[in-house]
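[1] model this:
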Amino acid sequence: MKKNFFYAAAFALGLVFVSTACSNNDAPQPEPIDVADIDYTLENAASWNNYMKAVVTLLRKDASDLYDYWAVSYKGGESYATTFKNHGAPYNSAGSCVQQVIDGCVDIANEVGETKIGDPYSKYQAGNVTEALYAVESWYSWHSREDYSNNIVSICNAFCGVRSESLISGATIDKSQVAEKSLYTALVNDGQQELADNTLTAIKNAYDKILAIPQPFRNHINSEQSLVAQEACSELSVLLKNRLKPACDALSESVLSPVVENYVDVVVLPTYADLRTKAGTLYEKVNALAANPTNQAFKDACDAWITAREPWEMSEAFLFGPVADQGLDPNMDSWPLDQAAIVNILNSGDYSQMEWSGDYSEDSESISAAQNVRGFHTLEFLLFKDGQARTVD
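    So this is what the prediction gives:
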């Protein structure tokens, strides 16, 4: 998730919050915004449908490009999977690849704790309640907790060398699923069972604490459970950075090379393949909705959005390589959005505002502006309202 947001734009859109916005009834509540709510109507249906189709077309392309960069060819050469497994530039060893893997895990643990949960919590604590509500990722669909917990699953998958939510989703950790060629197993074989188990326990703790936040998160920003989840993510991040990373750095190349290969073949490539497939299904459902708008078609498209969202969130522990260098992360997942610009596109039908060309630079204002009106969350806004599928009534 790349943070790109203009709070003034959000206020200009005019989404009204109810007085039960947070779980602490004694806390300050947001004032209603005195402008009309934006909804799917007979008058704007054609523009709305075309915008959904344009967004999902770009989303499908980004997902397909990302898979191809890893599996087929990157920048006209070998696939990024081949480069990574062979420890090619910018890497020079299996150890440097593993350090990249762990850095990715640290980054997403920090992001979930400090930004996705911590930023809204801090704003709410400071009395900026409306800003806190707008800072909550995926609040159109009320899918925030699931996004965040899937981010933690991405850490588990990277550490255990598998693709499995069930490894940590049960009452206890299912160690039988851990891959033989994984960082967990490498530590155990090196006599560091305690560190391996402590890392896996910290991962599960963060996962469990996030899902313990009452649903939806946007209504419980200020809850005790939110603070506990933030702290669990912080503890996980510190352990990964200060204990796991140095321990893995001391392992031999002969131990780490198979781990890197398994990580690419079992974790990264299947996750991106799943994303490409589910983005394709989402494309089909959105186009079916645009061709024949019905309440059921909206629900089908929303279900496909949630399904496609899962592999993306489970890939956020490896936001390096093509996904970062080609701007695909903010293309698909910029949050929060420039909602005023989205409304302008709905009114103008100028879908070229979503596209950019040339070499990617995260400092480019024009590229950021294009990324703020496309991707998963723009489609989320167009499909969902108050956690439910929009209707054609």
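
[2] contacts for the strand or helix carrying residue 255, please.
    Residue 255 belongs to helix 253-262 when elements are defined using DSSP states H and E. By CB atoms under 8 Å, 6 or more residues apart in numbering, the residues outside helix 253-262 that reach it are 84-85, 87, 93-95, 97-98, 101, 161, 179, 181-183, 186, 189-190, 248. In short, each C-beta sits where N, CA and C put it, glycine included.

[3] are any of those buried, and which?
    Applying a neighbour-count criterion of 16 or more other CB atoms under 10 Å, the buried members of the contacts of helix 253-262 are 84-85, 87, 94-95, 97-98, 101, 161, 179, 181-183, 186, 190, 248.

[4] alpha carbons of the helix or strand just after the helix holding residue 255, as PDB, please.
    Secondary structure here is assigned by DSSP H and E; on that basis, the next helix or strand after helix 253-262 toward the C-terminus is helix 269-291. Below are the C-alpha coordinates for helix 269-291, written out as PDB (Å, rounded to 0.1, in the frame of the first residue of the first chain):
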ATOM      1  CA  LEU A 269       5.400 -17.300  -8.300                       C
ATOM      2  CA  PRO A 270       2.200 -19.100  -7.200                       C
ATOM      3  CA  THR A 271       1.000 -16.000  -5.300                       C
ATOM      4  CA  TYR A 272       1.400 -13.800  -8.400                       C
ATOM      5  CA  ALA A 273      -0.100 -16.500 -10.600                       C
ATOM      6  CA  ASP A 274      -3.200 -16.600  -8.300                       C
ATOM      7  CA  LEU A 275      -3.400 -12.800  -8.400                       C
ATOM      8  CA  ARG A 276      -3.300 -12.800 -12.200                       C
ATOM      9  CA  THR A 277      -6.100 -15.500 -12.400                       C
ATOM     10  CA  LYS A 278      -8.300 -13.800  -9.800                       C
ATOM     11  CA  ALA A 279      -7.800 -10.400 -11.400                       C
ATOM     12  CA  GLY A 280      -9.000 -11.900 -14.600                       C
ATOM     13  CA  THR A 281     -12.200 -13.200 -12.900                       C
ATOM     14  CA  LEU A 282     -12.700  -9.800 -11.400                       C
ATOM     15  CA  TYR A 283     -12.400  -8.300 -14.900                       C
ATOM     16  CA  GLU A 284     -15.100 -10.700 -16.200                       C
ATOM     17  CA  LYS A 285     -17.500  -9.900 -13.300                       C
ATOM     18  CA  VAL A 286     -17.100  -6.100 -13.600                       C
ATOM     19  CA  ASN A 287     -17.700  -6.200 -17.300                       C
ATOM     20  CA  ALA A 288     -20.700  -8.400 -16.800                       C
ATOM     21  CA  LEU A 289     -22.000  -5.900 -14.300                       C
ATOM     22  CA  ALA A 290     -21.400  -3.000 -16.700                       C
ATOM     23  CA  ALA A 291     -23.300  -4.900 -19.500                       C
END
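
[5] now the angle from the helix or strand just after helix 269-291 to helix 269-291?
    Stepping forward along the backbone from helix 269-291, the first helix or strand reached (DSSP H and E) is helix 295-313. For helix 295-313 against helix 269-291, the angle between stretch directions is 160 degrees (axes from the mean of the first three to the mean of the last three CA atoms, to 10 degrees).

[6] elements contacting helix 295-313?
    On a contact count with 3 or more CB pairs under 8 Å, 6 or more residues apart in numbering; DSSP states H and E, helix 295-313 meets helix 144-160, helix 269-291, helix 375-383, strand 388-389.

[7] dump the ones you listed to CSV, plus distance to residue 213, mean neighbour count and mean pLDDT.
    Below are those laid out as CSV (distance: least, CB to CB, whole Å; neighbours: other CB atoms under 10 Å; pLDDT from 0 to 100):
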stretch, distance to residue 213, mean neighbour count, mean pLDDT
helix 144-160, 6, 26, 98
helix 269-291, 25, 20, 98
helix 375-383, 19, 26, 96
strand 388-389, 20, 16, 96
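
[8] in CSV, list these along with distance to residue 109.
    As requested, these are arranged in CSV below (distance: least, CB to CB, whole Å):
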stretch, distance to residue 109
helix 144-160, 6
helix 269-291, 18
helix 375-383, 21
strand 388-389, 31
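
[9] I figured residue 241 hits residue 106, correct?
    Yes. Contact status for residue 241 versus residue 106: in contact at 4.9 Å, counting by CB atoms under 8 Å.

[10] neighbour count: those two, which is higher?
    For the pair residue 241 and residue 106, the greater number of neighbours falls to residue 106 (21 against 17), based on other CB atoms under 10 Å.

[11] can I assume the more buried one is in contact with residue 237?
    Yes. Proximity of residue 106 to residue 237 meets the contact threshold set by CB under 8 Å, at 5.5 Å.

[12] not including adjacent chain positions, what is the nearest residue to residue 135?
    If you skip the residues right next to it in sequence, residue 135 has residue 120 as its closest partner in space, 4.4 Å away by CB to CB, 6 or more residues apart in numbering.

[13] which residues does that neighbour contact?
    Taking CB under 8 Å, 6+ apart as the test, what residue 120 contacts is 132-133, 135-136, 217-218, 221.

[14] again, but for residue 228
    Counted by CB under 8 Å, 6+ apart, residue 228 has contacts 209, 212.

[15] did I read that right, it in a helix?
    Yes. Counting by DSSP: H, G, I helix; E, B strand; the rest coil, one finds residue 228 located in a helix.

[16] follow-up on the earlier one: what about the residue nearest to residue 135, which SS state?
    Classification of residue 120 by three-state DSSP places it in helix.

[17] thinking again about what came up before, from the buried ones among the contacts of helix 253-262, which is closest to residue 340?
    Ranking the buried ones among the contacts of helix 253-262 by separation from residue 340, with CB to CB as the measure, puts residue 101 on top at 38.9 Å.
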